[in-house]
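Chemist: mind folding the following:
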Amino acid sequence: MNKEIQRDGEVTTKIFDNRSLEADYTTLIPILKSGMRVLDVGCGTGAISKGIAERVGPNGHVTGIDNTEKFITSGKETYQHIKNLDLSYADIFQFEPEEKFDLIVSARVLQWLNNPVDALKRFKELLKPGGQVSVLDYNHEQLQWHPAPPESMLRFYSTFLRWRADAGMNNHITEDLPEYFAEAGFADIEIHDANEVYVKGQDNFLSKIGIWAKVAASTQMVDEGYISNDDRLQAIDDYNAWIQSEAESMTMVLKEFRGKLA
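Modeler: Okay, the predicted model is just below:
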């Protein structure tokens, strides 16, 4: 069983709503073709799914699924005008579509699973002959801040990584995804760098580098005994002060992996 992650708050919904295909899954764009039937696994509110739907055009179709119902409800309202996009509240392991797909995409999702190989095997079952999978994910162990943030945030982040690891989540999944793809039966595996680099002075710098204050806003690690609430709140306060004054840059190591049916 995968850990139940608390990800249904308004802050998380806003993070998903602010994403786009062009800004947050750029490497996918070259393989999107008119008429494709695409499945977006872990689509959140469907912001990236919407961009994919526009690229595959009226003769194509995108299905987005997510196991957090609030995200799907929000996305259905926001993107109801996109006729070739359907969003469904579903878990990939129980999802039974009527037709198979030319392309299955999953952005920033497998890092949250303790059974990513099983997920990839499920993707394989849902592909048409000649179909392709694209997975985009982080290496959380290679996050880089410049200069270093406050000690309170470094402690929080270290605890975050331990909390994830204890639940069976892979903090360096980018190192292992080629092996996972091969184990699941995919061939022609490709790797594309997609690092997120945020530098002071960029319009989105404060919002993007502020992601870790938003992560710390969740009390789940407090509830599960990993950190005290005082330490969590201290990390937020110190980090928010740091990003307004000393922070110069943040790099999140991100890679896209592609594989085809063997």
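
Chemist: excluding chain neighbours, what is closest to Asn240?
Modeler: Among residues not flanking Asn240 along the chain, Ala213 sits closest, at 5.4 Å (C-beta to C-beta, 6 or more residues apart in numbering). Using the backbone N, CA and C atoms, a C-beta is placed for each residue, glycine as well.

Chemist: and the pLDDT for the one you found?
Modeler: pLDDT, Ala213: 96.

Chemist: now do the SS call for it.
Modeler: Under DSSP: H, G, I helix; E, B strand; the rest coil, the three-state class of Ala213 is helix.

Chemist: could you pull up the residues touching it?
Modeler: Taking C-beta atoms under 8 Å, 6 or more residues apart in numbering, we find Ala213 in contact with Ile236, Tyr239, Asn240, Ile243.

Chemist: nearest to Pro58 among those?
Modeler: Closest approach between the contacts of Ala213 and Pro58, by C-beta to C-beta: Ile243, at 42.6 Å.

Chemist: coming back round to it: tell me how far the residue nearest to Asn240 lies from Gly60.
Modeler: Here Ala213 is placed at a distance of 38 Å from Gly60 (C-beta to C-beta, to the nearest Å).

Chemist: center of this structure, which residue is that?
Modeler: With distances taken as C-alpha atoms, centre = their mean, the chain has Arg108 as the residue nearest its mean C-alpha position (1.9 Å).

Chemist: which residues does the closest residue to Glu151 other than its chain neighbours contact?
Modeler: Among residues not flanking Glu151 along the chain, Asp238 sits closest, at 8.0 Å (C-beta to C-beta, 6+ apart). The neighbours of Asp238, taking C-beta under 8 Å, 6+ apart as the test, are Pro149, Pro150, Glu151, Ser152, Met153.

Chemist: most neighbours, which of these?
Modeler: Counting neighbours by other C-beta atoms under 10 Å, Met153 leads these with 24 neighbours.

Chemist: contact partners for Gly131?
Modeler: Here Gly131 is in contact with Lys100, Phe101, Asp102, Leu103, Ile104, Lys260, Leu261 (C-beta under 8 Å, 6+ apart).

Chemist: okay, the helix or strand harbouring it in CSV with CA atoms only?
Modeler: Under the criterion of DSSP states H and E, Gly131 resides in strand 127-138. Taking Å, rounded to 0.1, in the frame of the first residue of the first chain, the C-alpha atoms of strand 127-138 are listed here in CSV:
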residue,chain,number,x,y,z
LEU,A,127,-0.9,1.2,-24.1
LYS,A,128,-1.7,0.5,-27.7
PRO,A,129,0.9,-1.5,-29.8
GLY,A,130,3.7,0.9,-30.5
GLY,A,131,2.7,3.1,-27.6
GLN,A,132,5.0,5.2,-25.5
VAL,A,133,5.3,6.3,-21.8
SER,A,134,6.8,9.6,-20.5
VAL,A,135,7.6,10.1,-16.8
LEU,A,136,8.9,13.3,-15.4
ASP,A,137,10.3,13.3,-11.9
TYR,A,138,12.7,14.8,-9.3
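
Chemist: secondary structure class for Cys43?
Modeler: coil.

Chemist: neighbours around it, how many?
Modeler: 28.

Chemist: let me know the helix or strand that Asp238 is in.
Modeler: Applying DSSP H and E as the criterion places Asp238 in helix 229-245.

Chemist: before we move on, back to that, starting at the chain centroid, how far to the strand holding Gly131?
Modeler: Strand 127-138 sits 15 Å away from the centroid of its parent chain (C-alpha atoms, centre = their mean, to the nearest Å).

Chemist: for it, list every residue counted as buried.
Modeler: Leu127, Gly131, Gln132, Val133, Ser134, Val135, Leu136, Asp137, Tyr138 (16 or more other C-beta atoms under 10 Å).
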